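Participant: sequence unknown, structure follows:
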């Protein structure tokens, strides 16, 4: 059950020799979600052996070119590869015109529909869900309308211990009750009530995993609250420490500001990227970040981060 | 005096792990001309140390995405780098809407003007010139309106042999006459006429160089005539020999068809590219091409082809 982040691009506005513009692919249980789509995304996907045809949804943070100019080539390639199923694009309202313009000039022969879903929220709000996961959008503080996205597995249905089934001779209906997280209450012929506690007989099979994507943004107090406790946080780090003024002017964050957000949010791990082209070698960013939040890595093209499934231990049933 | 072709991309419609979409940069005496602009052009230019800010003109063959989707990122980067001088885009009429749409959504803050020059010709026609070179556009046979471009140095002003200046005691005016390619006629006091022949006293300092770009096109008889005698011909070769039917359906050429054009046109050298993604390894294309036209190479990303300046020898003056 994958929960894997693939880094396709770490550049900010200006790509460099080694850096592509922003794009990431999040694989949740084999379903691929594209997050931002800078120029060259389709090329980077091929390099990382990520199937373009398996993509069905993209989340765009904002309409600066370095986050969207790859969408045109990607859609065209999907068309040429014979796609017929819709492709869903979550993006600010202004993307509607961009998509209509694109299809007007280049959409001849498209046999699939690129569907634009307008994202417009002023606080965290659910924008997408499947049976097992959901995506919440939240506003970021950039020069134009910009959103972050939080991907979270849903709390899974509980499993019932085999030993409990045997011990209590649980019926299918009772097992269903326990799976939903409820206690089972039995009333025998004499009116005596027995309770089989959910805590004893059932367990949550795994800890739901989460990833939050924050690019591009100046720091602001609510952000840490909105991404609180995520297992993995991607936070932009356009500038190093000492460049706070430039960061503020351009609506970006420094190493320390990104790390402070991660620390305040008590995230599991921080990954930073979106490096300014002023720093062809951004390796010194890492020390600055780790001084504030040690569990941190620098994003780089081709990097793959896996969040393994971890079993719940706190209420594991022990058969007595 | 450079005349250098840089290959940025050799893919056809679908990029592969190793191939970027179509784009080339022709450096004529330090002035850089971009020819087509597939996705990733700006990244490829950086890799090849070609200055984006030195570009002032691009020639787009047609409006299929693999030849134009890099223009958006390129223009945005120029803006971010502070460009103020116009950027000239020679392209079919339909590019006008594409550019207007792009500027409407992404052109905020542009301090330079991207100027669209409509190319619409039914036979070879001059579309661009400087003091020392010119560009002729000619129609190709593809699925949509498509043009090839022929870049040619102008015939240079002649040089006058120093020995001739001494021998005849040539005046500035007479040197000017010889530089323009005319004979000098002297009439002495007695009415006697002496002619100093241009052939004897002057020489063309170098052979004007030429490059023709043909992508994408099915073969057609006039093409060889239109690119006749060019020093370097780039001709698309989407398919190998045996795929003539597919090539015809898609408006493309095979290895042999490209080579036949080069042979019929008596070009100096042929370079082929625009390989179908069906052939991750297109090295076998070379044998097929060379069987028909031996002076041929396969284009590859990062390739640099130089056309050195060669002196005229046929009318070299020998001082007697």
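Facilitator: On my side now, so go ahead. Everything numeric in this text was worked out from a predicted model, so none of it was measured.
Participant: state the phi and psi torsions of the residue of the stretch 51-200 of chain A found nearest chain B.
Facilitator: Closest approach between the stretch 51-200 of chain A and chain B, counting by CB to the nearest CB: residue A:101, at 3.7 Å. (Glycine included, C-beta is placed from N, CA and C.) Backbone torsions of residue A:101, given as degrees, to the nearest 10, read phi -60, psi -50.
Participant: check contacts around it.
Facilitator: Contacts here follow CB atoms under 8 Å, 6 or more residues apart in numbering or on different chains; on that basis residue A:101 touches B:97-98, B:101-102, B:104-105.
Participant: can we see that at 6 Å?
Facilitator: residue B:101 (CB atoms under 6 Å, 6 or more residues apart in numbering or on different chains).
Participant: how about the residue in the stretch 151-300 of chain A positioned nearest to chain B, nearest residue that isn't a chain neighbour?
Facilitator: Across the stretch 151-300 of chain A, no residue is closer to chain B than residue A:277, which sits at 9.3 Å (CB to the nearest CB). In space, and not counting its chain neighbours, residue A:277 is closest to residue A:14: 4.0 Å by CB to CB, 6 or more residues apart in numbering or on different chains.
Participant: name the SS class of the one you found, please.
Facilitator: Using DSSP: H, G, I helix; E, B strand; the rest coil, the structure places residue A:14 in coil.
Participant: returning to that earlier point: how far away is the residue of the stretch 151-300 of chain A closest to chain B from residue B:52?
Facilitator: Applying CB to CB, to the nearest Å, one obtains 12 Å for the distance of residue A:277 from residue B:52.
Participant: so for the residue nearest to the spatial centre of chain A, what's the pLDDT?
Facilitator: Within chain A, one residue has its C-alpha closest to the average C-alpha position: by CA atoms, centre = their mean, that is residue A:151, at 3.7 Å. If you check residue A:151, the pLDDT there is 98.
Participant: where does pLDDT dip in chain A?
Facilitator: A:312-320 (pLDDT under 70).
Participant: get me the contact residues on it for chain B.
Facilitator: For chain A, the residues found near chain B under the criterion CB under 6 Å from any CB of the partner chain are A:13-15, A:17, A:39-40, A:43, A:46-47, A:65, A:69, A:72-73, A:76-77, A:80, A:98, A:101, A:105-106.
Participant: picking up where we left off before, what's the burial count for the residue nearest to residue A:277?
Facilitator: The number of residues packed around residue A:14, counting by other CB atoms under 10 Å in any protein chain shown, is 19.
Participant: residue A:221 now?
Facilitator: One way to gauge burial is a neighbour count; for residue A:221, by other CB under 10 Å, it gives 8.
Participant: beta-bridge partners for the closest residue to the residue nearest to the centre of chain A other than its chain neighbours, please?
Facilitator: Counting by CB to CB, 6+ apart, the nearest residue to residue A:151 once its immediate chain neighbours are dropped is residue A:211, at 4.8 Å. Beta-bridge partners recorded for residue A:211 (DSSP bridges): residue A:151, residue A:232.
Participant: touching, residue A:211 and residue A:152? I think so.
Facilitator: No - contact criterion CB atoms under 6 Å: residue A:211 and residue A:152 do not qualify, at 7.9 Å.
Participant: neighbour-wise, which of these two wins?
Facilitator: Between residue A:211 and residue A:152, residue A:211 has the larger neighbour count (other CB under 10 Å), namely 30 against 19.
Participant: what's the distance between the more buried one and residue A:270?
Facilitator: Applying CB to CB, the value for residue A:211 to residue A:270 is 11 Å.
Participant: please apply the same query to residue A:115.
Facilitator: With distances defined as CB to CB, the gap from residue A:115 to residue A:270 amounts to 33 Å.
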